[in-house]
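# fold the following, please.
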Amino acid sequence: MKTDFLIVGQGLAGTLTGHALERMGASVVIMGLEKPHAASSLAAGIIHPVSGRKFVKAWLYDQLIAQCHETYEEIERNLGVPLFRKLDMHLYISSVKEENDLLSQARRYSYDDLLRPLAVKDRDMQNSRRGYAINAFQLDIQGLLGYSANRWKAKQRYLPEHMEYPALSREGDSWRYKDVVAGQVIFCEGVWCRGNPWFSHLPVIPNKGQVLTLDPAGFQNIDYLVKSGLLLTRWKEVIWAGATYEWDFDYPGPDSYGWNYLYRRLENLLSQPYRVRSHMAGLRPTVPDRKPILAEHAELPGLWAVNGFGTKGSSLGPYVTRHLADLLNGREKINRFSPSRFKE
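Residues are numbered from 1 along each chain as shown. All right, here's what the predicted structure looks like:
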């Protein structure tokens with residue numbers, strides 16, 4: 001089989017790369033067997049403008065959200081399924097100082113016009129809660145991955161396997177992998193790039209995130225996002241609560257630290273008993289400056305890596321993969337996400 005691009009990995013990065021390349025008229029083959037503890041498998045797909053505990057506006061948010069609308073709405077039309085929705089995010093305030101900090105940062109970063117005081121207290125939250133609502137969005141990542149995989153399978157452009165690196169070799173101006181001959185190969189492997197013989201040097205650092213899912217029975221209609229020590233939202237048929245942000249860990253799966261961390265915050269947030277359905281963990285691919293990486297191999301033209309989406313994959317993904325497509329078709333000359341920035 002001949003193709004313009006072989007994409008290795010069908011998490012969020014690989015899936016969005018595939019759609020971006022097809023959008024420019026290229027053919028793709030996706031190698032998509034899921035890795036254990038892949039971050040995409042349990043991410044809630046939340047996109048919102050307020051970043052971190054200091055209430056700063058997320059980097060490039062206005063540009064990112066515009067590209068999210070364009071990309072996700074086009075993918076929805078192509079796949080024929082809803083994947084992207086708007087919802088309110090409730091920012092709960094714990095003190096007068098925290099409220100002053102929020103309002104000050106909202107004015108500084110020009111999102112104060114988006115804040116709306118919560119007029120009615122949330123019955124599922126503790127009575128002392130007060131705060132503000134702001135627009136947010138949610139991407140059904142698992143739906144995006146599943147429906148996209150089915151589409152590529154139907155077109156016979158999908159390989160359900162992990163790459164065997166020794167089987168990839170140069171063949172003239174192309175790359176051969178078993179029966180696939182590709183003009184270029186793009187690795188979208190997340191933290192597993194550290195075992196890639198061509199891109200193990202990239203500064204990708206695993207960051208562990210643990211989440212709990214709660215039985216929605218007994219809750220009022222939580223169809224919004226809560227930000228208060230953790231993120232809480234409806235996710236498929238459960239209530240999603242997370243996530244931890246761990247640099248040091250010995251085990252990639254769920255553990256007692258994550259359980260205790262999330263349990264304490266839920267106890268401080270929720271006003272009624274709840275039942276935990278599951279406890280999960282995933283490994284995020286993070287980068288020291290928290291910006292993604294688009295890397296072409298310095299000595300082997302046609303080998304690329306897309307990585308470093310971290311906790312912001314749903315918002316960053318459309319913008320970054322569109323930039324990659326523009327680089328590959330010559331519309332862009334400068335790679336704004338090159339790993340060369342770490343040598344400066």
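
# now do the strands in the stretch 51-200 of the chain.
Taking DSSP state E, counting those that start in this stretch, the strands of the stretch 51-200 of the chain run over residues 56-57, 84-93, 116-117, 130-139, 158-159, 168-171, 174-177, 180-187.

# the second one pairs with which strands, parallel or anti?
According to DSSP bridges, strand 84-93 has the following sheet partners: strand 130-139 (antiparallel), strand 225-227 (parallel).

# same deal with the third one?
Applying DSSP bridges, strand 116-117 is found paired with strand 130-139 (antiparallel).

# quick one: mean pLDDT for the partner strand?
Over the span of strand 130-139, the pLDDT mean works out to 91.

# ok so, going back, tell me which of the strands of the stretch 51-200 of the chain approaches Leu6 most closely.
strand 180-187 (3.8 Å; CB to CB). For the C-beta atoms, the positions are set from N, CA and C on the backbone; glycine is no exception.

# for the closest one, packing partners?
Secondary-structure packing of strand 180-187 (3 or more CB pairs under 8 Å, 6 or more residues apart in numbering; DSSP states H and E): strand 2-8, strand 174-177, strand 303-307.

# right, and the helix or strand after that strand?
strand 205-214 (DSSP states H and E).

# helices or strands next to that next one in the packing?
Packing partners of strand 205-214 (3+ CB pairs under 8 Å, 6+ apart): strand 238-242, helix 256-269, strand 276-286.

# for those, which one ends up most surrounded?
Mean neighbour count (mean count of other CB atoms under 10 Å) peaks for strand 238-242 among the helices and strands packed on strand 205-214, with a mean of 23.

# redo the strands paired with strand 84-93 as a markdown table? Include mean neighbour count and distance to Gly45.
As requested, those are exported to a markdown table (neighbours: other CB atoms under 10 Å; distance: least, CB to CB, whole Å):
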| stretch | mean neighbour count | distance to Gly45 |
| --- | --- | --- |
| strand 130-139 | 20 | 4 |
| strand 225-227 | 22 | 11 |
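
# dump those to CSV, plus distance to Trp259.
Supplementary listing: the strands paired with strand 84-93 in CSV, determined by distance: least, CB to CB, whole Å:
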stretch, distance to Trp259
strand 130-139, 25
strand 225-227, 19
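
# surely Arg275 touches Leu214?
Yes - between Arg275 and Leu214 there is a contact at 6.6 Å, judged by CB atoms under 8 Å.

# distance between the worst-scoring helix or strand of the chain on mean pLDDT and the chain's centre?
In the chain, no helix or strand scores lower on mean pLDDT, DSSP states H and E than strand 50-51, which sits at a mean of 84. Remark: strand 50-51 is offset 15 Å from the chain centroid, using CA atoms, centre = their mean, to the nearest Å.

# show me what it is packed against.
Looks like strand 50-51 contacts strand 56-57 (3+ CB pairs under 8 Å, 6+ apart).

# other SSEs contacting the strand it packs on?
Going by 3+ CB pairs under 8 Å, 6+ apart, strand 56-57 lies up against strand 50-51.

# out of the strands of the stretch 51-200 of the chain, which is closest to Glu267?
Short answer: strand 84-93, nearest of the strands of the stretch 51-200 of the chain by CB to CB, at 14.5 Å.

# tell me the angle of the closest one relative to helix 256-269?
For strand 84-93 against helix 256-269, the angle by axes from the mean of the first three to the mean of the last three CA atoms, to 10 degrees is 70 degrees.

# contacts for strand 84-93?
By CB atoms under 8 Å, 6 or more residues apart in numbering, the residues outside strand 84-93 that reach it are 48, 50, 68-69, 72-73, 76, 99, 102, 115, 118, 122, 125, 129-140, 223-228, 233, 269.
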